[in-house]
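[1] predicted coordinates and the sequence they were generated for:
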Amino acid sequence: MAKDLYFTKDHELVRKAVADFIKQEINPNIDQWEEEGKTPLHDVFKKMGELGFLGIRYDTQYGGEGLDYWYELVFLEEIAKIRATPAIYDFGSEYLKKTYLTPALKGEMVSAIAVTEPDAGSDVAALKTFAQKQGDHYILNGSKTYITNGTQADFLTLLARTSDEPGYHSFSLFVVPTDLDGFSVSKKLDKMGMRSSDTAELFFDNMKIPAQNLIGTEGEGFIQQMMQFQHERFSALPLAYGTSEMILKETVDYLRSRKVFGKPLIKQQVIRHNLAQWKAEILALKQLTYHIVRLKTAGMDASKEVSMGKLLAAQVVQKVADGCLQYFGGSGFMNEMPISRFFRDSKLISVGGGADEVMKDIIAKLEGY
């Protein structure tokens, strides 16, 4: 009888390598990075790139490992245990892949996705940052906000308007190097959670972007970005159930040792019922994720399932974090406790990479409602 329905011995070897890296290189430093509000990405990504973690499913000719979606899922499941460019690959020229994608997969360059603006969040089509074609360059003006890795990125995958015409064919994607004149980090943002991940406001003042840094075809950037969003949203699923499993395990350990009125807390029926409910919901989310991997492996569109998964992932991880914090009582409210950090961090999944309401709109549209 097979030991595991989904993962082979080779998958488990990759899982162990990722787990060892997190145990040795990430978890011992996460408290310090949370305090500093920043992870040293150039150092961390370089080490991850050398181990092949950053390009698991990418072609080997660009520095990737050429492995399947199940290997990528193994990586994402293990990353969830941290206590803390696909657009170029899919649509970019050979020049962009060699110049930016390959160094990023090796961990030699840090990238960021720059889409959101002060007046354009879920309504991406409302963005105002404009790239005007002038000869062999584009002149970029505008601003972006809530950009993860924004203070450390070597280049941005940026969506800008390239036409004033209405509709979705007035936007284009660019690779924007951050060492060019006209770029500035206008503000490092102070977040409620995910504090070890730096987030910033960025400003572009007459930046001269080489025309060869256009990703794909001018005017098709909106569609390309929507496809990139789906991958970003999928990555939230294993992070959510992985984090939920970890929270639940730590809480069960606590409930076994914590005695109230002479008995361990875990003996309380209502607590055991809640733990069982959360365990069932975590497994359901995990199985939906595995179903999505099967769809992606078969080359089928998984837009609806990914949107459903992200919506459910937010609900599951927030419910587990909230309920478990309650069981820790006063100690769970202390910043020094991991459960308080999980509680703060879990809110991001409802607002980042497309809010819950956007996921519901996508699902309703695809169902024809």
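    Noted; the coordinates are in hand.
[2] going by C-alpha atoms from here, please, whenever you check contacts or count neighbours.
    OK.
[3] now stretch 282-301: buried residues?
    For stretch 282-301, a neighbour-count test (16 or more other Cα atoms under 10 Å) marks 282, 284-286, 288-290, 292-293 as buried.
[4] in strands only, show me those.
    Assigned to strands by DSSP state E, none of these qualify.
[5] in a markdown table: the residues you listed, plus distance to residue 242 and pLDDT.
    Converted to a markdown table, the buried residues of stretch 282-301 look like this (distance: Cα to Cα, whole Å; pLDDT from 0 to 100):
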| residue | distance to residue 242 | pLDDT |
| --- | --- | --- |
| 282 | 9 | 97 |
| 284 | 13 | 97 |
| 285 | 10 | 97 |
| 286 | 9 | 96 |
| 288 | 14 | 97 |
| 289 | 12 | 96 |
| 290 | 13 | 96 |
| 292 | 16 | 96 |
| 293 | 16 | 95 |
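[6] tell me the two of these that are most distant?
    Spatial extent of the buried residues of stretch 282-301 (Cα to Cα) is set by the pair 282 and 293 at 16.8 Å.
[7] what helices and strands are in contact with the lengthiest helix in the chain?
    Selection of the longest helix in the chain by residue count, based on DSSP state H, yields helix 221-257. When contacts are defined as 3 or more Cα pairs under 8 Å, 6 or more residues apart in numbering; DSSP states H and E, helix 221-257 sits against helix 69-79, helix 86-91, strand 155-161, strand 171-177, strand 263-264, helix 269-297, helix 303-328.
[8] so after that helix, what's the next helix or strand?
    Of the helices and strands lying after helix 221-257 in sequence (DSSP states H and E), the nearest is strand 259-260.
[9] give me the contact list for that next one.
    Outside strand 259-260, the residues that touch it by Cα atoms under 8 Å, 6 or more residues apart in numbering are residue 265.
[10] quick one: average pLDDT of it?
    Taken as a whole, strand 259-260 has an average pLDDT of 90.
[11] quick check: buried residues in stretch 314-327?
    Quick answer for stretch 314-327 (16+ other Cα under 10 Å): 314-325, 327.
[12] name whatever forms a beta bridge with the nearest residue to residue 126 once chain neighbours are set aside.
    Leaving aside its chain neighbours, residue 126 sits nearest to residue 120 (5.1 Å; criterion: Cα to Cα, 6 or more residues apart in numbering). As for beta bridges, residue 120 partners with residue 117 under DSSP bridges.
[13] surely residue 120 is in contact with residue 114?
    No: checked against Cα atoms under 8 Å, the pair residue 120 and residue 114 is beyond contact range at 11.7 Å.
[14] looking at these two, which one has more neighbours?
    Taking neighbours as other Cα atoms under 10 Å, residue 120 and residue 114 compare with residue 114 leading, 26 against 15.
[15] circling back to that earlier point, give me the angle between the longest helix of the chain and strand 171-177.
    Here helix 221-257 points in a direction 70 degrees away from that of strand 171-177 (axes from the mean of the first three to the mean of the last three Cα atoms, to 10 degrees).
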